[in-house]
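1. Here's my sequence, what's the structure:
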Amino acid sequence: MKIKKILVSQPQPSSEKSPYYEIAAKHGVEIVFRPFIKVEGLTAKEFRQSKINLADFTAVIFTAKTAVDHFFRLCEETRVSVPDTMRYFCTTEAIALYLQKYIVYRKRKISFGTSGKLDDPQLLAALDKNHKEKFLFPVSDVHKDNLSVLDRHKINYTKAVMYRTVSNDFTPDEPFDYDMLLFFSPSGIASLQKNFPDFGKDGQPVCIGTFGATTAKAVEDAGLRLDLKAPTKEAPSMTAALEQYLDAHKDD
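-> From the prediction side, this is the model:
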């Protein structure tokens, strides 16, 4: 099947040097960036139903910039003033630096890891050093963080769902004329089925590519054909896998 138009279910890259643009130019394909899912914050009323009092906490653990945004948003909407003494623990330096959007950056109260994971040795050392703090852990409704490491280190934390992932629905007049769809989460597959319940029932002319084992499994569980799978040893990224696929099928 000749691939002419590809949907990448992620936001459009901010950099013009993205490999996707190079692939589009090299192979003469059109690449459209159109997320199948979007993040939606809980309202203050919804959050209050969790019975979590934001003013009770002395420290916050962040694993995503989105969590930072919704933490400070809900503090404002619930009229909780974040004290200057609040400590912040982030899984990456990028998230730590992002805090400057809301607070004055002070190294003595901001700690971060280097691996992007909760079990990062540098982050765990900081958490252990401040184990007497009362930690809030803002997450989404479908977070994948393994919290057992916090339990093993006897961190006093409370998980707080502050935002959720929902289907980014297609409008009736929005064209769906793609030859390939690239997905990065099981939620994207669920959104595909929600928007197009008959997709794949009469054969599947559209190719599907996935990144990650759980996303690939979601395609298989949905009874759909998986044409491209990343990461692999030969293709550690989605763009590398896409490049290989287009090279292999350029004469189709």
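2. contacts, neighbours, all on C-alpha from now
-> Will do.
3. how about the strands of this structure, start to end?
-> Here the chain has its strands, by DSSP state E, at 5-8, 30-33, 37-41, 59-62, 87-90, 110-112, 135-140, 157-167, 180-183, 207-211, 228-230.
4. Next, the contact list for Glu40, please.
-> Shown in contact with Glu40 (Cα atoms under 8 Å, 6 or more residues apart in numbering): 163-166.
5. count of neighbours near Val32?
-> Val32 has 17 neighbours, counted by other Cα atoms under 10 Å.
6. The one 3 residues further on now?
-> In terms of burial, Pro35 registers 20 neighbours under the definition other Cα under 10 Å.
7. Same list (the strands of the chain) but as JSON lines, adding distance to Arg79 and mean pLDDT.
-> Output for these, formatted as JSON lines (distance: least, Cα to Cα, whole Å; pLDDT from 0 to 100):
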{"stretch": "strand 5-8", "distance to Arg79": "39", "mean pLDDT": "98"}
{"stretch": "strand 30-33", "distance to Arg79": "37", "mean pLDDT": "97"}
{"stretch": "strand 37-41", "distance to Arg79": "16", "mean pLDDT": "92"}
{"stretch": "strand 59-62", "distance to Arg79": "17", "mean pLDDT": "98"}
{"stretch": "strand 87-90", "distance to Arg79": "19", "mean pLDDT": "97"}
{"stretch": "strand 110-112", "distance to Arg79": "23", "mean pLDDT": "96"}
{"stretch": "strand 135-140", "distance to Arg79": "17", "mean pLDDT": "96"}
{"stretch": "strand 157-167", "distance to Arg79": "15", "mean pLDDT": "94"}
{"stretch": "strand 180-183", "distance to Arg79": "38", "mean pLDDT": "98"}
{"stretch": "strand 207-211", "distance to Arg79": "40", "mean pLDDT": "97"}
{"stretch": "strand 228-230", "distance to Arg79": "44", "mean pLDDT": "95"}
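8. Could you export the ones you listed to TSV, including columns for distance to Lys201?
-> Shown next, in TSV, are these (distance: least, Cα to Cα, whole Å):
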stretch	distance to Lys201
strand 5-8	20
strand 30-33	24
strand 37-41	22
strand 59-62	41
strand 87-90	44
strand 110-112	47
strand 135-140	32
strand 157-167	21
strand 180-183	16
strand 207-211	14
strand 228-230	20
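9. Between these, which one is closest to Ser148.
-> strand 157-167 (11.5 Å; Cα to Cα).
10. Closest to Asp198 out of the contacts of Glu40?
-> Val166 (20.0 Å).
11. show me the contacts for the closest one.
-> Counting by Cα under 8 Å, 6+ apart, Val166 makes contact with 37-40.
12. Are any of those buried, and if so which?
-> For the contacts of Val166, a neighbour count by 16 or more other Cα atoms under 10 Å gives the buried set as Ile37.
13. Please tell me how far Ala24 sits from Ala222.
-> Counting by Cα to Cα, to the nearest Å, the gap from Ala24 to Ala222 is 29 Å.
14. Compare neighbour counts for those two and give me the winner.
-> Between Ala24 and Ala222, Ala24 has the larger neighbour count (other Cα under 10 Å), namely 16 against 12.
15. Which strand residues bridge the residue nearest to the more buried one when sequence neighbours are not counted?
-> Among residues not flanking Ala24 along the chain, Glu30 sits closest, at 6.0 Å (Cα to Cα, 6 or more residues apart in numbering). Here Glu30 sits in beta bridges with Lys5, as judged by DSSP bridges.
16. same deal with the one 10 residues further on?
-> Per DSSP bridges, the residues bridged to Glu40 are Arg164.
17. neighbours around the residue nearest to Phe183 when sequence neighbours are not counted, how many?
-> What sits nearest to Phe183 in space, not counting adjacent residues and going by Cα to Cα, 6+ apart, is Thr210, at 4.8 Å. Using other Cα under 10 Å, Thr210 has 27 other residues around it.
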